[in-house]
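[1] how would this look folded up:
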Amino acid sequence: MSQKDRSNRRRIARESKWRLARFIWAGMVCSLVLGTVIFAVIIFRIPPVPVVRVDSLSAQRLDEAFRRATAAAETGTPSEVRADEPQINSKLQQLLRPYRGQVKNGHTALKDVKIKVFADSLAAYVLLDYYGRDLIFQVTGKLHSKNGYVQFEPESAAIGALSFPKSRVEAATKQILAAPENPLRYRLPSNMSDIRVEDSHIVFVVK
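    From the prediction side, this is the model:
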């Protein structure tokens with residue numbers, strides 16, 4: 001084999017390696033772009049949000065229940081306020097009204113919050129506006145109190161249609177609970193001794 005033939009073979013081999021490298025790189029880039037698009041489609045897909053009843057009378061009934069419980073507690077008799085789903089959501093809409101539609105960092109942050117109450121747990125559905133796109137965050141868990149603090153223990157979570165494995169949620173919860181400034185832990189109001197979910201109601205114990 002002549003020197004020229006050997007040089008041509010080496011050149012062809014180098015060109016083949018570069019073509020293969022470019023092909024692999026192009027495939028990786030396409031896979032990354034495709035994965036990003038799929039991820040965006042999943043998280044921005046709005047899953048079905050439960051319909052909850054909201055009306056001003058439900059909020060008024062809850063306010064009246066707290067007034068009666070507070071009056072009873074002032075006489076030394078602890079009292080329970082059992083709030084059902086319409087009462088919770090109606091009062092929540094009133095409390096969130098000043099914050100809904102506020103512009104933060106150039107986009108509307110909070111659009112809506114809904115609470116679904118189950119037998120012994122609850123689910124929160126938070127609708128956000130992320131630079132003009134609706135994004136919904138869902139979390140389900142247990143609500144209770146311990147040592148004078150409100151505690152929420154997430155059991156499942158999702159962003160859009162993207163659900164997180166229970167093991168991942170539990171691991172993240174443990175890290176949050178171990179943090180000095182635990183965002184899932186709030187001190188109970190001074191006039192309350194307990195809060196829990198029971199028989200599809202959120203129960204407040206007023207002291």
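[2] Tell me which helix or strand comes right after the helix or strand hosting residue 69.
    Using DSSP states H and E, the element containing residue 69 is helix 56-74. Moving toward the C-terminus from helix 56-74, the next helix or strand (DSSP H and E) is strand 79-83.
[3] can you state the direction angle for that following strand and helix 56-74?
    Here strand 79-83 runs at an angle of 170 degrees relative to helix 56-74 (axes from the mean of the first three to the mean of the last three Cα atoms, to 10 degrees).
[4] buried set for strand 79-83?
    79, 81, 83 (16 or more other Cβ atoms under 10 Å). Backbone N, C-alpha and C define where each C-beta goes, glycine included.
[5] same question, stretch 163-178
    Neighbour-count burial for stretch 163-178 flags 169, 173 (criterion: 16+ other Cβ under 10 Å).
[6] For residue 127, give me its contacts.
    Taking Cβ atoms under 8 Å, 6 or more residues apart in numbering, we find residue 127 in contact with 49, 110-113, 134-136.
[7] show me where the chain has strands.
    79-83, 103-104, 107-108, 110-117, 122-130, 133-146, 149-159, 162-163, 185-187, 192-198, 201-206 (DSSP state E).
[8] right, so of those, which gets closest to residue 91?
    strand 79-83 (7.7 Å; Cβ to Cβ).
[9] now for that closest one, which elements pack on it?
    Helices and strands touching strand 79-83, as assessed by 3 or more Cβ pairs under 8 Å, 6 or more residues apart in numbering; DSSP states H and E, comprise helix 56-74, strand 201-206.
[10] mind saving the C-alpha coords of the first one as PDB?
    The C-alpha atoms that make up helix 56-74 are tabulated as PDB, following Å, rounded to 0.1, in the frame of the first residue of the first chain:
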ATOM      1  CA  SER A  56     -70.500  34.900  51.500                       C
ATOM      2  CA  LEU A  57     -73.000  33.200  53.800                       C
ATOM      3  CA  SER A  58     -70.600  30.300  54.500                       C
ATOM      4  CA  ALA A  59     -67.900  32.700  55.500                       C
ATOM      5  CA  GLN A  60     -70.400  34.600  57.700                       C
ATOM      6  CA  ARG A  61     -71.400  31.300  59.400                       C
ATOM      7  CA  LEU A  62     -67.800  30.500  60.100                       C
ATOM      8  CA  ASP A  63     -67.200  34.000  61.600                       C
ATOM      9  CA  GLU A  64     -70.200  33.600  63.800                       C
ATOM     10  CA  ALA A  65     -69.100  30.100  64.900                       C
ATOM     11  CA  PHE A  66     -65.700  31.600  66.000                       C
ATOM     12  CA  ARG A  67     -67.500  34.500  67.900                       C
ATOM     13  CA  ARG A  68     -69.600  32.000  69.800                       C
ATOM     14  CA  ALA A  69     -66.600  29.800  70.600                       C
ATOM     15  CA  THR A  70     -64.600  32.800  71.700                       C
ATOM     16  CA  ALA A  71     -67.400  33.900  74.000                       C
ATOM     17  CA  ALA A  72     -67.600  30.400  75.500                       C
ATOM     18  CA  ALA A  73     -63.900  30.300  76.000                       C
ATOM     19  CA  GLU A  74     -64.000  33.600  77.900                       C
END
